[in-house]
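Undergrad: make a model of this:
(2 chains, ligands or ions: 2)
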Amino acid sequence: MNIVVCIKQVPDSAQIRVHPVTNTIMRQGVPTIINPYDLFALEEALRLRDEYGGQVTVLSMGPPMAEDALRRALGLGADKAVLITDRRFAGSDTLATSFALTAALTTLAEERPIDIVFTGKQTIDGDTAQVGPGIARRMGLNQLTYVSAIDSLDLAAQGIVVRRRSEGGVQVLRSKLPCLITMLEDTNTIRRGTVQDLLRAARADVTVWSAEQAGVEDPMKCGLRGSPTVVKRVFAPSPRAEKAEMVTVEGKTPAQIGDALIDLLFARDPKLEAVVTAAAR
Amino acid sequence: LRKELPERFRDYKHVWVLVEIERGKVHPVSWELMGEGRKLADKLGCQLAGVVIGPKAETTKTAIRQTYHYGADVCYIVEDEALTDYRNEPYTQVLTDLVNKYKPEILLLGATPLGRDLAGSVATTLQTGLTADATELAIDDDMCLGATRPTFGGTLLCTIYTLNHRPQMATVRPRVMAMPEPDTKRSGRMIWDNLRMKEDDIITKVLEFVSDNTSKEANLAYADIVVAGGMGLKNEANLALVRNLARTLGGDWGCSRPVVQKGWAPAERQIGQTGNTIRPRLYIAAGISGAIQHRVGVEGADLIVAINTDPNAKIFEFAHLGVVADALTVLPALTDAFARRLGARALAS
Ligand SMILES: Cc1cc2nc3c(=O)[nH]c(=O)nc-3n(C[C@H](O)[C@H](O)[C@H](O)COP(=O)(O)OP(=O)(O)OC[C@H]3O[C@@H](n4cnc5c(N)ncnc54)[C@H](O)[C@@H]3O)c2cc1C
Ligand SMILES: Cc1cc2nc3c(=O)[nH]c(=O)nc-3n(C[C@H](O)[C@H](O)[C@H](O)COP(=O)(O)OP(=O)(O)OC[C@H]3O[C@@H](n4cnc5c(N)ncnc54)[C@H](O)[C@@H]3O)c2cc1C
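TA: Ligands and ions are numbered 1, 2, ... in the order given. All right, here's what the predicted structure looks like:
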């Protein structure tokens, strides 16, 4: 089995701060992590490798420091890591991102055909869930999104059966390799790397490719220039025209606050009382 | 930034909404989008079309009729047995073929498992821009679609455009846009097309559909009354205060994202950009600061009440009623006060 897992390095969002005056995001000093959703994809890939043999490669597009995320993935048990990094990738939207990742995947597949490409369900920063389908489409892989479990895999027949989360239920799908799977969250628990893995990760080489080395033929399709979407305006949301009416709390017991609040509620929306009475029954 | 729209895109016109049918049922987000699409089409002075893809069946016919009721002027219809269950391959083929043939300038889909799966494939095939999970759609002075969504960081919004490609695509989450009133007298034109693919050509097969017997998620999104708790509640046990009030009011309960991340509540309880969007008559938020990702998920509520110890909390910028107090004491007091009144009312009637 030859499996590639796409991972993105993201800021640990809990710790992001916005500059109070300029309203810009302060990235400096913000710790980075592997996009948490990608860990479910990585674990699933490692499990398949442990069961069927083969190798797991982790692939990321990002700035040079994204090498940290890849090294962490090696520490968790991945066999090989590839970083594609180039100034020309900067400003990529999802279309340009799937373009660059597809170039690298195609280059990797020339060495050895890829059976499965895994991605996370989505990232915690861009949060679009669009890169997986983008790669599948470009590479002509069977697209299996929101997968909660792989029921069976038949390497000889190239067959795979998965459970896919859909509206109001789960689709059990039979498809074929090569495929692209976007893994749902909470479907497995990422292993702790072994001591050997950690030692290997510390010394391992992360392959670093520029756009050319990754096999990008048309740099116009990368980065800002290759991105059809344009972010034109970044702004703070406006407060409601009318300010919130504040319930006076001074000198009141919690019970009195409760009563005062209910009076205000029913005064604002007289029909609410009937709604609540009906619903509460 | 603005370049001339390339010649080949000049005749792209009209607003399209994908009518999402899964297992015979139209997802309500499609009608919400139809309502929004109607406004965009009116602003652009063009037509609104629904794209109806499904099997030859009564359910598909019903969906077509409803598409007009909710505001469409035209329906593009592809019926085929191979389209009975959603599958990426044939649906992508149908939708990209329709776009290439009939050239819409805007294409909207629900940000559902189906919509997101399909939108990503179609946008990539067409090499056009796709904005995910928009919370606001508007036409600007250049007659382009501006799709607004929160940015990471928790306080800002950004507006994304696709200036030089067509169609301009966006997905929108359920409940973000208001449900329009259907007008059962409306009808319109039908344009039929075909799936250029046979079942034998489609690799992926649906073996089975295991239906969820509980649809908790749907309840929260569609509840009339919602009470939610945030990190201000301090621990998992205190979430019971939120659940008690919700139960007394006959409503449903939810929480902010960090509460889910802490493992205090299951993911389907999350309210906000990456959780449920709600539009209740009454929303009570306790110990929630009001970050933009939370705000966009609750702004459709008719009446928002915030309970927070910090008078400068962001949530007071969009709440209608505010209480600056400790949620741990106000929640139980409010629950009692409601119980007393409802009890009195029940006795009186
Ligand atoms: C606030 C914000 C909003 C944005 N909105 C949009 C938008 O509406 N439309 C748009 O086209 N772009 C948008 N972008 C740009 C988008 O985030 C980038 O294109 C980004 O490179 C990938 O998209 P994503 O983070 O949404 O990934 P997703 O599509 O959510 O990621 C899915 C999976 O793809 C893989 N993956 C994603 N990125 C990489 C990577 N760099 N290396 C390896 N694997 C990867 C991971 O496995 C991941 O789990 C936005 C960015 C930000 C910060
Ligand atoms: C990509 C992305 C997506 C996100 N999606 C979502 C989403 O869908 N939903 C969501 O909610 N968040 C989301 N977030 C997180 C969001 O940015 C905020 O971090 C989050 O909403 C904060 O949760 P909170 O208000 O519960 O906690 P905090 O911000 O920690 O606020 C706690 C509040 O409680 C108050 N408080 C403290 N003690 C008390 C008390 N005793 N009584 C009353 N009040 C008290 C404090 O004054 C404070 O205002 C997302 C973030 C990112 C980056």
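Undergrad: and A:C6, how close does it get to chain B?
TA: Separation of A:C6 from chain B (C-beta to the nearest C-beta, to the nearest Å) stands at 14 Å. For the C-beta atoms, the positions are set from N, CA and C on the backbone; glycine is no exception.
Undergrad: hmm, A:S60 and that residue touching each other?
TA: Yes - shown here, A:C6 and A:S60 form a contact pair, counting by C-beta atoms under 8 Å, at 7.0 Å.
Undergrad: can you read off the backbone torsions of the residue nearest the centre of chain A?
TA: By C-alpha atoms, centre = their mean, chain A has its centre lying nearest to A:T123, at 2.4 Å. With angles defined as degrees, to the nearest 10, A:T123 sits at phi -100, psi 170.
Undergrad: could you point out which residue ranges in the chain have low pLDDT?
TA: By default, I'm working from chain A. For chain A, applying pLDDT under 70 flags the ranges A:13-28, A:280-281.
Undergrad: wait, I meant chain B there
TA: Using pLDDT under 70, chain B drops low at B:1-3, B:152-154, B:214-218, B:346-347, B:349.
Undergrad: do that again at 90, thanks
TA: Low-confidence segments of chain B (pLDDT under 90): B:1-5, B:150-157, B:212-219, B:222, B:274, B:341-349.
Undergrad: ligand 2 contacts on that one?
TA: B:152, B:154, B:230-232, B:256-258, B:270-275, B:287-289, B:291, B:293-294, B:297, B:307-310, B:313, B:326-328 (C-beta under 6 Å from any ligand atom).
Undergrad: buried ones from these, can you make that a PyMOL selection?
TA: In PyMOL, this line selects whichever of those come out buried by 16 or more other C-beta atoms under 10 Å in any protein chain shown:
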select buried, chain B and resi 152+154+230+231+232+256+257+270+271+272+273+274+275+287+288+289+291+293+294+297+307+308+313+326+327+328
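Undergrad: go through the residues of chain B next to ligand 2 and flag which are in strands.
TA: B:I307 (DSSP state E).
Undergrad: in the stretch 1-150 of chain A, what residue comes closest to ligand 1?
TA: Residue nearest to ligand 1 within the stretch 1-150 of chain A: A:G126 (2.1 Å; C-beta to the nearest ligand atom).
Undergrad: returning to that earlier point: grab the nearest non-local neighbour of the residue nearest to the centre of chain A.
TA: Computed as C-beta to C-beta, 6 or more residues apart in numbering or on different chains, the closest residue to A:T123 that is not its neighbour in sequence is A:N35, at 4.7 Å.
Undergrad: for the residue of the stretch 51-200 of chain A found nearest chain B, give its distance to B:Q66.
TA: With C-beta to the nearest C-beta, the shortest gap between the stretch 51-200 of chain A and chain B falls at A:P133, namely 2.9 Å. A:P133 sits 28 Å away from B:Q66, going by C-beta to C-beta, to the nearest Å.
Undergrad: which one's more surrounded, those two?
TA: Using other C-beta atoms under 10 Å in any protein chain shown as the criterion, A:P133 and B:Q66 rank with A:P133 on top: 29 against 20.
Undergrad: now do the same contact list for the more buried one.
TA: By C-beta atoms under 8 Å, 6 or more residues apart in numbering or on different chains, the residues touching A:P133 are A:Q143, A:T145, A:L180, A:T182, B:N88, B:R116, B:D117, B:A119, B:G120, B:S121, B:T124.
Undergrad: near ligand 1, which residues of the stretch 1-150 of chain B?
TA: B:L130, B:T131, B:A132.
Undergrad: burial count for the residue lying closest to the last one once chain neighbours are set aside?
TA: Read it as B:A132. Nearest non-adjacent residue to B:A132, counting by C-beta to C-beta, 6+ apart: A:T128, 3.6 Å away. Counted with other C-beta under 10 Å, the neighbours of A:T128 add up to 25.
Undergrad: coming back round to it: what about the residue nearest to A:T123, neighbour count?
TA: As a burial measure, A:N35 scores 24 neighbours (other C-beta under 10 Å).
Undergrad: the helix or strand hosting B:R116 vs chain A: in contact?
TA: Assessed by DSSP states H and E, B:R116 sits inside helix B:113-126. Yes - counting by C-beta under 8 Å from any C-beta of the partner chain, chain A has neighbours in helix B:113-126: B:P113, B:L114, B:R116, B:D117, B:A119, B:G120, B:S121, B:A123, B:T124, B:T125.
Undergrad: roughly how far out does the following helix or strand past that helix sit from the chain middle?
TA: Per DSSP H and E, the first helix or strand lying C-terminal to helix B:113-126 is strand B:130-134. Put simply, strand B:130-134 sits 11 Å off its chain's centre (C-alpha atoms, centre = their mean, to the nearest Å).
Undergrad: what sits up against strand B:130-134?
TA: A:94-95, A:126-130, A:229, B:111, B:116, B:119-120, B:123, B:147-149, B:160, B:162, B:169-173, B:176, B:273.
Undergrad: coming back round to it: now neighbour count and distance to B:Y283 too, for the contacts of A:P133, in a markdown table please.
TA: Formatted as a markdown table, the contacts of A:P133 follow (neighbours: other C-beta atoms under 10 Å in any protein chain shown; distance: C-beta to C-beta, whole Å):
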| residue | neighbour count | distance to B:Y283 |
| --- | --- | --- |
| A:Q143 | 25 | 37 |
| A:T145 | 27 | 31 |
| A:L180 | 26 | 39 |
| A:T182 | 29 | 32 |
| B:N88 | 25 | 36 |
| B:R116 | 27 | 26 |
| B:D117 | 27 | 30 |
| B:A119 | 29 | 29 |
| B:G120 | 33 | 32 |
| B:S121 | 26 | 36 |
| B:T124 | 25 | 37 |
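Undergrad: could you work out the most separated pair of the residues you listed?
TA: For the contacts of A:P133, the farthest-apart pair by C-beta to C-beta is A:L180 and B:A119; their separation is 15.7 Å.
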